[in-house]
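In: Just the structure for this:
(one chain, ligands or ions: 1)
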Amino acid sequence: MNDPVHVTVESDDEATRERIFDSEGEVEAGDATFRFSVGGAGDSDGDSDRGEDAGDDDEPEERDGDPLFVAPLSDVPTDSTIRRTAMRPDGRRGVGFILRRGAESGEVFAWRNSCPHRPEVPLDPGRGARVDGGEIVCHEHGARFECGDGLCTWGPCVGEELDPVGVEVRDGDVYLDDERFASVRPR
Ligand code: FES
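Out: Here you go, the predicted model:
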């Protein structure tokens with residue numbers, strides 16, 4: 001995509017405006033999720049439950065039939081992030097989250113893909129969040145976040161923390177471990 005494209009999603013109590021870097025993805029506002037695919041057969045489920053699965057790319061990732069499978073541990077970087085979507089039990093509303101491994105501990109951490117300064121801004125817009133000096137750096141205004149508790153150490157939201165998402169590692173794979181969610185989608 002050569003020109004900047006922005007998507008705005010409004011729900012009853014929240015509006016989100018997000019710059020789009022990929023040809024497909026999703027934007028959230030409150031409980032509303034808008035999924036898009038430029039030049040493809042994407043869909044949207046807006047602020048209702050009318051959405052339908054978009055196709056193979058939107059199918060839950062499963063390993064051995066486990067809908068909570070997130071990714072192989074080896075896919076989770078120390079110097080960037082990967083994105084996934086945690087689906088609520090109704091299977092229609094999702095929350096985008098990011099994963100990163102601690103460079104020294106190797107421990108996997110996950111947080112909602114949202115900057116505390118402006119929650120509509122994803123820390124990972126689709127190509128992996130920037131990591132500098134061991135900290136995730138927001139591409140919008142440069143806020144820096146520690147691995148682990150996601151504490152903001154510098155920037156307009158200093159002292160705030162990223163919203164954690166529970167994950168666990170089993171047999172070399174990462175699984176969602178958060179009672180709010182029932183399955184995982186690739187993005
Ligand atoms: S939106 Fe992240 S620092 Fe401003």
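In: what's across from residue 69 in the sheet?
Out: Each beta-bridge partner of residue 69 is listed here: residue 175, as defined by DSSP bridges.
In: and the gap between it and residue 104?
Out: To residue 104, residue 69 is 26 Å away according to CB to CB, to the nearest Å. In this view, the C-beta of every residue, glycine as well, is placed from N, C-alpha and C.
In: Repeat that for residue 125.
Out: 26 Å.
In: Likewise for residue 113?
Out: In this view, residue 113 and residue 104 are 24 Å apart by CB to CB.
In: okay, the two: which has more neighbours?
Out: residue 113 (26 against 9; other CB atoms under 10 Å).
In: Surely that one and residue 83 touch.
Out: Yes - the pair formed by residue 113 and residue 83 meets the contact definition of CB atoms under 8 Å, at 6.0 Å.
In: anything in contact with each of those two?
Out: Taking CB atoms under 8 Å, 6 or more residues apart in numbering as the contact definition, residue 113 and residue 83 share the neighbouring residues 96, 97, 98, 124.
In: ok, the second one - how many residues close by?
Out: This points to residue 97. Taking other CB under 10 Å as the criterion, the count of residues near residue 97 is 28.
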